[in-house]
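> here's a sequence, model it:
(one chain, ligands or ions: 1)
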Amino acid sequence: MTSRLTPFGALSAAIVIAATGAALLGAPRIDSVERIDFGITRVATSPAYDARLAAASDANVREFIIPITHDTIEIAAGVKYEGWTFGGTVPGPTLRVREGDLVRIKVVNRSPMPHSIDFHSARIPANVAYRTFMPGDTISFEFTATDPGAYMVHCGTPPVTMHIMQGMYFAIIVDPRAGWGTKADKEFVIVQSEFYAREDSATHQHNPDWAAAMAKNASQVTFNGRAFQYKEHPLQVDVGDRVRFFVVNAGPTFRSDFHVVGAIFDRVYADGTPRNFLERVQTWSIPAGGGAVFETVFSKNASGEGLYPFVTHSFADAEKGAVGIIRVGTPKTFAKMDH
Ligand SMILES: [Cu+2]
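Residues are numbered from 1 along each chain as shown. The predicted model follows:
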């Protein structure tokens, strides 16, 4: 086994690459294995959840170790919340693989209660892979990523609404084997979700509000787990960039009507499937539990240097935090935004 550092883990030994030769029906085949341990590699959430995405690894066997933890998260500026997580953050880390890769999952329950994991990207017996397992236990399974797309992963332990509103979700992207057909200069992951938190007037602790969840009365609606974080810390791109957004809607209940103010999507891949190809789209809805891929070009003479809000155009939800800004180039004023 050989180890080397990769762009995903340059600061840690969390990633191990191993190359093994194997003979299949006489045809030589080289499997290269990459392992990422999200108990060691943690997504940066300060000053904002890091939405930037690197390309998928060249390895064709992808191993992911994912701890389940109960952790303090921040769902809006200054609003701390005792969340349930994959990998210590909400959302958890984005997994990115290629169509045809063998994906090996190992989830370790380091929390004090039973949980589970459900990959929308897998075709697999749910009763086996997605079963609930106990504190201290581990579950392992593998699947071949046969279907390109932008998928939700979540805890499916009942009541599922509670486990999702507590933060148990993340995105997995399966890139088409031949790529997306265009070259993106920047890529971002955006996971929309909503929280149902109620402040205890005595302790000022924010606790889950089940009645509010059943009434669909969210306290925050967020992109990547914290209300308004990209309004305070915009996503930065350059003039001329083609930008690809992988948007997953974790819910648990609301839909996402994804829109960029001042831009038109050149391409939208419904559910992130290359064949579900749409052109020149203003807004595209993503159901709870779904995903989509969006592309737009911030070209010099059109959507050039400036500030571009991205929102769910279901505006009551944007008012609760599902709004951010894309900063193109270095606009002189950080001007007043109307969204
Ligand atoms: Cu759970």
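
> helices of this structure, residue ranges please.
Shown for the chain, the helices assigned by DSSP state H span residues 126-129, 160-165, 210-214, 229-232, 315-319.

> can you redo the ones you listed as CSV with mean neighbour count and distance to the ion?
C-beta coordinates here come from the backbone N, C-alpha and C atoms, glycine included. Putting these into CSV (neighbours: other CB atoms under 10 Å; distance: least, CB to the ion, whole Å) gives the following:
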stretch, mean neighbour count, distance to the ion
helix 126-129, 12, 15
helix 160-165, 21, 4
helix 210-214, 14, 15
helix 229-232, 20, 24
helix 315-319, 16, 24
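
> how about low-confidence regions in the protein?
Across the chain, residues meeting the criterion (pLDDT under 70) sit at 1-29, 333-339.

> what sits against the residue of the stretch 201-339 of the chain found nearest the ion?
For the stretch 201-339 of the chain and the ion, the shortest gap (CB to the ion) falls at residue 252, measuring 11.8 Å. For residue 252, the contacting residues are 160, 161, 164, 165, 193, 194, 213, 288, by CB atoms under 8 Å, 6 or more residues apart in numbering.

> between all of those residues, which two are separated the most?
Between any two of the contacts of residue 252, the greatest separation by CB to CB is 14.2 Å, found for 160 and 194.

> around the ion, pick out the residues from this structure.
Proximity of the chain to the ion is confined to 115, 155, 157, 163, 168 under the rule CB under 5 Å from the ion.

> which one of these sits closest to residue 71?
Of all those, residue 71 sits closest to residue 168, with 11.3 Å by CB to CB.

> spit out the contact partners of the closest one.
Listed by CB under 8 Å, 6+ apart, the contact set of residue 168 reads 68, 84, 85, 86, 92, 115, 154, 155.

> including distance to residue 271 and neighbour count, could those go into CSV?
Formatted as CSV, the contacts of residue 168 follow (distance: CB to CB, whole Å; neighbours: other CB atoms under 10 Å):
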residue, distance to residue 271, neighbour count
68, 27, 25
84, 26, 23
85, 25, 26
86, 22, 24
92, 20, 27
115, 26, 25
154, 16, 27
155, 21, 25
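
> so which of those residues are in strands?
68, 84, 85, 86, 154 (DSSP state E).

> looking at those, spot the one nearest residue 45.
For the ones in strands among the contacts of residue 168, the closest approach to residue 45 (CB to CB) belongs to residue 85, at 10.8 Å.

> surely that closest one and residue 107 touch.
No. Assessed by CB atoms under 8 Å, residue 85 is found out of contact with residue 107, at 11.9 Å.

> and for those two, which residues touch both?
Overlap of the contact sets of residue 85 and residue 107 (by CB under 8 Å, 6+ apart) consists of residue 68.

> spit out the contact partners of the residue nearest to residue 117 when sequence neighbours are not counted.
Counting by CB to CB, 6 or more residues apart in numbering, residue 117 lies nearest to residue 107, which is 5.1 Å off, once chain neighbours are set aside. Shown in contact with residue 107 (CB under 8 Å, 6+ apart): 65, 66, 67, 68, 86, 117, 133, 138, 139, 140.

> am I right that the second one is in contact with residue 108?
Yes. When contacts are counted by CB under 8 Å, residue 66 is listed as touching residue 108 (7.3 Å).

> what's the closest non-adjacent residue to the one residue sitting closest to the centre of the chain?
With the centre of the chain defined as its mean C-alpha position, the nearest residue by CA atoms, centre = their mean is residue 171, 3.5 Å away. Take residue 171 and drop its neighbours on the chain: the residue closest to it by CB to CB, 6+ apart is residue 248, 4.3 Å away.

> ok, now residue 148?
The shortest distance from residue 148 to any residue that is not its chain neighbour, by CB to CB, 6+ apart, is 4.2 Å, and that residue is residue 176.

> distance check, that neighbour against the ion.
Computed with CB to the ion, to the nearest Å, the distance linking residue 176 and the ion is 31 Å.

> buried ones among the contacts of residue 107?
65, 66, 67, 68, 86, 117, 133, 139 (16 or more other CB atoms under 10 Å).

> closest one of these to the ion?
Ranked by distance to the ion (CB to the ion), those are led by residue 68 at 7.1 Å.

> my read: the closest one touches residue 108, true?
Yes. With contact defined as CB under 8 Å, residue 68 counts as touching residue 108 (6.9 Å).

> could you export stretch 165-179 as PDB, CA atoms only?
Presented in PDB, the C-alpha positions along stretch 165-179 are these (Å, rounded to 0.1, in the frame of the first residue of the first chain):
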ATOM      1  CA  MET A 165     -34.500  18.800  11.000                       C
ATOM      2  CA  GLN A 166     -31.700  18.100  13.500                       C
ATOM      3  CA  GLY A 167     -29.200  18.200  10.600                       C
ATOM      4  CA  MET A 168     -28.600  14.700   9.400                       C
ATOM      5  CA  TYR A 169     -28.000  15.200   5.700                       C
ATOM      6  CA  PHE A 170     -25.400  15.900   3.000                       C
ATOM      7  CA  ALA A 171     -24.900  15.800  -0.800                       C
ATOM      8  CA  ILE A 172     -23.300  13.100  -3.000                       C
ATOM      9  CA  ILE A 173     -22.500  14.100  -6.500                       C
ATOM     10  CA  VAL A 174     -22.000  11.400  -9.200                       C
ATOM     11  CA  ASP A 175     -20.300  13.000 -12.200                       C
ATOM     12  CA  PRO A 176     -21.100  11.500 -15.600                       C
ATOM     13  CA  ARG A 177     -18.300   9.300 -16.700                       C
ATOM     14  CA  ALA A 178     -17.800  11.600 -19.700                       C
ATOM     15  CA  GLY A 179     -18.200  14.800 -17.800                       C
END
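
> nice, that's everything, thank you.
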